[in-house]
Each structure stands twice: as C-alpha cells, then as structure tokens.
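Asks: Everything below, folded, please.
(chains A and B)
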There are 2 protein chains.
Amino acid sequence: MKRLLVIGGSDAGISAGLRAREIDPSWGVTLVVADAFPNYSICGLPFFLSGETPRWESLAHRTRAEIENRGIELLVDTVAEAIIPAEHGVRVRLPNGSERVLESDRLVIGTGAAPVQPPIRGLDAPGVHLLHTMGESFAVHEHLTAKHPRTAVIIGGGYIGLEMADALRHRGLAVTLFEAAPAVLQTVDAEYGQRVQEELQHHGVHVRTSTPIESIELGPEGLVVRSRSHETVVADLVLVVTGVRPNVNLGHACGVALGEGGALKVNRRMETNVPDILAAGDCAETLHRLIERPTYLPLGTTAHKQGRVAGESAVGGYAEFRGSLGTQVVKIFELIVGRTGLREDEAMRQGFSPWTFESVTWDHKAYYPGASRLRIRVTGDRRSRRLLGAQLLGRYGAEVSKRLDVFATALFHAMTVDDVAHLDLSYTPPLGSPWDPVQTACMERALAAPASDPRKDA
Amino acid sequence: MKRLLVIGGSDAGISAGLRAREIDPSWGVTLVVADAFPNYSICGLPFFLSGETPRWESLAHRTRAEIENRGIELLVDTVAEAIIPAEHGVRVRLPNGSERVLESDRLVIGTGAAPVQPPIRGLDAPGVHLLHTMGESFAVHEHLTAKHPRTAVIIGGGYIGLEMADALRHRGLAVTLFEAAPAVLQTVDAEYGQRVQEELQHHGVHVRTSTPIESIELGPEGLVVRSRSHETVVADLVLVVTGVRPNVNLGHACGVALGEGGALKVNRRMETNVPDILAAGDCAETLHRLIERPTYLPLGTTAHKQGRVAGESAVGGYAEFRGSLGTQVVKIFELIVGRTGLREDEAMRQGFSPWTFESVTWDHKAYYPGASRLRIRVTGDRRSRRLLGAQLLGRYGAEVSKRLDVFATALFHAMTVDDVAHLDLSYTPPLGSPWDPVQTACMERALAAPASDPRKDA
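Replies: Numbering: from 1, shown residues only, chains lettered A, B, ... in the order given. Here you go, the predicted structure:
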C-alpha cells in the first residue's frame, strides 16, 4: 500500500488527508499532529474566549472519529523533528518520548504559521499571552475563569486583536488596544480602519493607534504596559497578537526552498522543489490570482484549498491551486468589514493604473424596515477597466460578506468594472435593490467615466 | 435637438431615460406615464399594505424632481393611445382629455405587464382586487384602513400572493391562500414550495393547494370564494394575484413582432423589428443567458438592465443585454427562498443532461450563536459538468440572497460545478465556513463523482 504522510493537523493537513483518500482510497494516509487537537477552528478561539462558544470541543471542524472513519491514521501529540528526504522518512517524537522514523511515498508539509514575537521586553511575564494555538487559548481561558481579570491590554489591531477586544468586552473586561500603525485593521484603507476604531470606542474599547509598545513588566498593581512614548497602562491580562510568520524550519532544514514572505516555495500543484514533498497552508506561499505571482497570505480558506490540491496532487490526481484574491472578512461588534483583491496602493505597486471610488448606499430598499448604510470601495484599472478589488463595510445582517463574495467571484473571472452591472443578481426589497449595491458601486459616475476612459478615446 | 420618447414610467422606462441622458445629454428625453407615479417600486406594494412602509411616497425609487433634474421631461397621467411609425409619432391623451401626437427620433416601449385575469366568475365583485398598480394598491389600502376587514382570501401562491399573505397576517387578518397547483411558489422545486407552505402555516396562513377557484360572489356574510371542488371560504377581502402577461397591445398594433411568451420581440440591443422603436422590461421578451434563447421572465432587475441598454442603444451608444438567469428571491415571514439558472426539469427540456443534489449545512460555523440550516440544490450537467442552476432556502439573516448571487455570478461565467470550490470566498465564523455553503453544495460526493463523470472516462 502506498502511503501519504501529512505533517500538521490543522486546515491544510486535514484537507490534504481527506482529499487524498477521496481521490484514491488505496493510499494509506497518516497525519502527524503536534498537539491533541486535530482539525480545530483556530478562527473560533475568540468566540470560545468570549464565552459565546461555551465548549471548546465544539470548535472542532470534525471529531477525531469522523477523521479516522475516513481511513486516516491520526498520530496526536506527536512532534515531527526532521524530514529525511533520502529515506523518504520523517523522524517523529512519540507521546512517550521515544523517536521513530515514519516512511512514506509522499509527504505534505502543513506546519502552519507561528505568532510573530514583536520586539517588546517582558513578553514572558506571567499574564502575558501570545494567542495562536489551542494550548495558549486554554491558558487564557484558565486566566479568565480562575483569576477573573478586570482589565486587559491587547497589543495588535489586526483581525485577532480586534476580535479579542470584542470578546473581552463581551466578558465585561475594561480593554485597551494598542496598535503601532496610525489605524487599526491595516488590511483595509485607513478610513475604514477609522470606522472600525469608532465601533470599538462605541463599545467601550480604549484604542491607542500610532503607539508601539516597548515593554511589559509585572508591577504591584498588575502588568505595566509601556509605549515607546512612555504612555503606560496597567492591566491584569495582556494579549499579544501582532501577526504570524510561516513555520518553515522543518521544511527548510531538509532542503525545501523558501519563497515569498519566507514561506515554503510551491508550484500550482503545491509541490516543493524536493521530489515527493508538497506543502500547503500557512507555511507555504500563496499564488495571487490577480497579479499571477506568489505572495504570502495566510488564511484559513486558502489553507483548505491548498491542502485539498496538495492531497489530490500527492496521490497522483491532477489539481491546481487557482490562486487567492486575499478575500477576508471580520465581524467587530456589530460591524462587518471585508476586502478582496487589491487596494489602490497595492494595485499601484503592481503596475496597474488604479482608481478607487467609494459609494454609500442602503443595504436594501430604505422603505423596508432595518435598512443600514453600506460602504463599498471599488478599485479598477483605468486602462483595461478591469476590476481590481473591493472593500466593504456595513452592519451585521446586511449581507456584507456574501456581497464581498460577489466581488470575489467577479474578480476570479477578471471582469471589468462596467460588466458588474450586467450580472443578474437577486432582488427583493427586504434584502437589496434592483441594482444591488455591488452594482451601483461599479456604476458610480466617477467610475463610469474616468479621465482616461478607453471607450471615449476609441 | 434629437428627441427620445419613452412610453412607461416604471423600471424599464426610467432606466432608459436616465441612461440616454447619461450617454448623450444632447438628446431630449420625454417620458409618457399613464398614471401619476413614475418610478415607483411595485415590488414594495406588499410592504406598504402590511404597514411596514407607512408612507406610500417612500416607495418611489426617485422623486419626480430627481428625475426632472436629470433633464427628463415627465408627462404624467398621459396615456399613449397609438404609435404611428410612419410619422415617428405617438398619439397620447393628455390629462385634460385632449389628444396630441408627440414626435421623436427614437421610441422606447416600456409598457410593462398586466395582471392575468384568471377564469373565475365574480372578479368584479366589490372587495375583489387584482393587485398590480399603485392605483389598485390604494384601493386595497383604503379597504384595509376604512373597512377593517378581518378575513382575507388570496388567490395565487406566487411571489406577490405569498408576500401579501405575510403582509395581511402582519395586519392581523385571518388569511386563506388558494393555489391551483400542488405546491405554492412554482418557481422552485415542489419540496421547497412545501417548506414555504409550512412557513405560511406556522404563521397562521391557511393554505389550500391543488385548489383552483371557480367563482367569487358577494353573500350576506361577505365574499364567498368557491373552489372547483365546491370548497367555500367567506372573506371580507379577496386578492387575485395569479401572474402577469406582457402588455403589448400598443407595440403590436403598430407592427412590432411578438416573440416568446407573446412579448415584444427584441434583439440584444433591445431593438424591435420596427426601425427606431425599441422595447424593454416586462412588455419585452428576455434573452436567457444559459440557453441563449429568448424567454419571458418579467423581473424588476431585468427591466432595469434592459431599460438601460435600450436607453444607450436609442441615442447611438453601443450596449447589449447580456441575458437573464432568472435570478429571483423572496422573503416569506422569516424564510428566504431564491433561485437562479435552470431547475432540473427545465434543464432537461433544454437538452441538458442534468443532475441535482441537495445539501443541508449551517449558514455559519455552528459553534457561533445563531446558526441556522441552509438548503442548497445545485443542478449541473453530467456531460459538460457545467453549473446550470441553484435553489436556496434558509432563514432571514443567513445571507441567503447574496449566496444566491455568488451562484448567479458563477453561472454568468459558465463555471463548472467543480470550479466553484476554487472561488476565494470570505470566511469568518459568525458568517460562514472555510468552505462556504455555496462551495460545499458543489463539493457533495454525489456531485463530485456522478455516474458519467467525463474525467473518469478520460
């Protein structure tokens, strides 16, 4: 029996294993999982910690039994220590401390990402947590439930930082959030980051932007968080969530080349430069569909897709990763913010001739109760009129995320800005307009007739 | 100055006028509107009648002033009586009763649709209303507010009938809904119609399917509605909403050919066979994007698009209608039901080799509060594996309609069922899953490996 070994039990690893068995059940599949939590939804941790998801067990996308019933062998609490390409082997440390070399015909590396350790003194102080794994979440949960902290500082205003601000407010803590950049949520334009900040403040989060942190130390009153400009806040709990970097040591040590963002270099089939070794998920680089070049965009959605392709490729199927658009969405209190494709500044750097226009419309006909304002920024290319990206911001319940997905689907097909108006989208007054906001955003006059409209030149 | 005349002040007519002025402001544009309500949202009438939209004036997509400020002349309460192609003229009856011939270089016919009068005796009894125009809505509103009816019968289980059942329950009336067919909402599969029926019943609507009505007569207790099987219900108010037919008399009388569904025949530029006469909206046939043939699919969304194309074509621009997918959605109490593309039976009739599979998933990760079941039926073609259509049913708030729009956008681009999994859609636990339900519906095993999978044959 041929055997596929997968290192990693998160999104990419599980997807690879499941797809391999689906494509060719004659292959044996073994997953090496460093902790005891295969196939957990890391994206769900803030909701476990907020209390909205009371049982951590429910964060599992699938139970262990469900995975094993698909013919996958799970080796949990088993740490991969080295890949030995010459032997087609992986040396692992078993739960009992002993070592063993597992042989396989193909290997998928799905070692994920690790939290960035920012240059802050005192990250090891008790009560300071870097939030990324189930284990760290349990530590935070233990802290929250056993020590009943009343104040928290969050360092980092990205997705997880913002979700954790929401989560800790949900628990009733006083929360201060520090962001080194001038606005939170750097993945969207600063104006949208500003609106997110207003939402945070509206819900009682104290937000300090442009405020890099220098040190944390345990004082008599609690953890003293000090900024470079010597501002201090004292808190019972500090969360550090300043992004992630690809976890590549294992792959790199055995000869896998690194690519964009220091991630494992892969082709569209998720193959690395080392024969019979593939990589997928947050440890691997990501083909960007629009610019047709590798990027580093660690996202759960991408990890699932890449893992699926890797699993199919590994057992001799033919699959290709079609590329990411960086589509992402987040809920912060009652606000939903998302983006797909390129922003104007990113498009500019990629050699496009972008222009961006914002429209503000009702999410559905204003005469039907409950209408709310929906903001859409569309970025297009002046020369080709191609749609390059969209950013959306609106209220929870306003179908913001799936409107974003209409843009993502349009981008996938390289539509022009103009052609979006031709889409046959659904309409009923409680949910939309005869021209959906997605379309009116693309029909704004400023977009309909940019300075260098090629149709006018023709 | 060149002049465009538009007959009709609803979606198609207004869109044509606005687009014409946008494309070439040197044209004069005159709209002939039979009543006093240009640019009203007919789709909003049920919400006016439910009381959820208290002011009928707010149903206007735009005010009269907004339309006139775009350089459009509005002749309201003006009835077009005949088109005289030889004179490039239209004979109209003005509000004061006098007649006049309006000349123009181009003419857009946007006369819409009229309600079907079913073969029921007694449709003219007092208290019986055919609901389609603003005028008829005022009559119903007057009836509701002045006579305080306590019971209502609705004849017809299509969109408007269902929305009116919801609306009248909202007002506290006892409602009986009759449908001649075996299930309500014939636009979706009977199983989904059945679920809509359950939702109606859950909210106290008495639903009688397979029950064609024979007569209505005014008795001492109220209006006696009698079915062909001699079942009777007595009610204070009867609404008859059994579909629409294209309003083509004006166009047909002057030589415009009829096409599919007896609607005015048009090409992709919305031109009729008569020079300088175009048609758009519910009076015109509709190119179906999937089957690339004309159909009759009267929808507000399509009327807007066709009107826009007609307006651009009329003043010498180049525009083409890219086709409808029949995308439509409706809210019935707390249920959202929609469809796009072809159902299995329709696909079969069009020569496809369709297969349909239903998936039932949570709308978002079940560990986050408020998850609800989302049903998706995907129809694909066995041979080409092309996506042919989708039907969705879920709860209000579950982003059902914009998920439908992801399918509509995929259909617009002739995607295969398999390729839907490659779309880079957004994910956050409160709003979706790493594979959106749209994708899992296309990844179901039954779809992934149909009996005659061409990839397996290769």
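Asks: Let me see the contact set for the residue in the stretch 351-458 of chain A positioned nearest to chain B.
Replies: Distance from chain B to each residue of the stretch 351-458 of chain A (C-beta to the nearest C-beta) is smallest for residue A:402, at 3.3 Å. C-beta here means a position set from N, CA and C on the backbone, and glycine is covered the same way. Residue A:402 is in contact with B:399, B:401-403, B:405-406, B:426, B:431-432, counting by C-beta atoms under 8 Å, 6 or more residues apart in numbering or on different chains.
Asks: again with residue A:188
Replies: Here residue A:188 is in contact with A:196, A:337, A:339, A:343, A:391, A:393 (C-beta under 8 Å, 6+ apart).
Asks: and stretch A:255-266, how far from the chain's centre?
Replies: 19 Å (C-alpha atoms, centre = their mean, to the nearest Å).
Asks: Residues in contact with that stretch: which ones?
Replies: Contacts of stretch A:255-266 (C-beta under 8 Å, 6+ apart): A:85, A:109, A:245-246, A:248, A:251-252, A:272-274, A:277-280, A:282-286, A:293-296, A:306.
Asks: What subset of these is buried?
Replies: A:109, A:245-246, A:248, A:251-252, A:272, A:274, A:277-280, A:282-286, A:294-296, A:306 (16 or more other C-beta atoms under 10 Å in any protein chain shown).
Asks: In strands only, show me the residues you listed.
Replies: A:109, A:245-246, A:277-279, A:286, A:294-295 (DSSP state E).
Asks: Spatially, which two of the residues you listed are the most separated?
Replies: A:277 and A:295 (21.4 Å; C-beta to C-beta).
Asks: Phi, psi for residue A:201 please.
Replies: Backbone geometry at residue A:201, expressed as degrees, to the nearest 10, gives phi -60, psi -40.
Asks: Correct me if wrong: residue A:78 contacts residue A:92.
Replies: Yes. Residue A:78 is within contact range of residue A:92, at 5.1 Å (criterion: C-beta atoms under 8 Å).
Asks: which residues do those two both contact?
Replies: With C-beta under 8 Å, 6+ apart, residue A:78 and residue A:92 have common neighbours residue A:32.
Asks: which residue packs closest to the residue of the stretch 151-300 of chain A found nearest chain B, ignoring adjacent ones?
Replies: Relative to chain B, the nearest point of the stretch 151-300 of chain A is residue A:300 (4.9 Å; C-beta to the nearest C-beta). Excluding its sequence neighbours, the residue lying closest to residue A:300 (C-beta to C-beta, 6 or more residues apart in numbering or on different chains) is residue B:434, at 4.9 Å.
Asks: What of residue A:1?
Replies: Ranked by C-beta to C-beta, 6+ apart and with sequence neighbours excluded, the top spatial neighbour of residue A:1 is residue A:28, at 5.0 Å.
Asks: and that neighbour, how many neighbours does it have?
Replies: Counted with other C-beta atoms under 10 Å in any protein chain shown, residues neighbouring residue A:28 total 17.
Asks: same deal with the one 5 residues further on?
Replies: Each residue near residue A:33 was counted by other C-beta under 10 Å, and the total is 25.
Asks: Distance of it relative to residue A:72?
Replies: 11 Å (C-beta to C-beta, to the nearest Å).
Asks: same thing with residue A:27?
Replies: For residue A:27 relative to residue A:72 (C-beta to C-beta), the value is 10 Å.
Asks: which neighbours do those two share?
Replies: residue A:21.
Asks: returning to that earlier point: return the distance of the residue of the stretch 351-458 of chain A closest to chain B relative to residue B:118.
Replies: For residue A:402, the distance to residue B:118 - C-beta to C-beta - is 37 Å.
Asks: quick revisit: and the ones in strands among the buried ones among the contacts of stretch A:255-266, which is closest to residue A:141?
Replies: residue A:245 (24.9 Å).
Asks: quick one: contacts for residue A:6?
Replies: Counted by C-beta under 8 Å, 6+ apart, residue A:6 has contacts A:13, A:16-17, A:29-32, A:107-108, A:110, A:311.
Asks: Which of those fall in helices?
Replies: Here DSSP state H is the test, and those give A:13, A:16-17, A:311 as lying in helices.
Asks: Just read off the phi/psi values of the residue of the stretch 151-300 of chain A closest to chain B.
Replies: phi -60, psi -40.
Asks: Many thanks, we can stop here.
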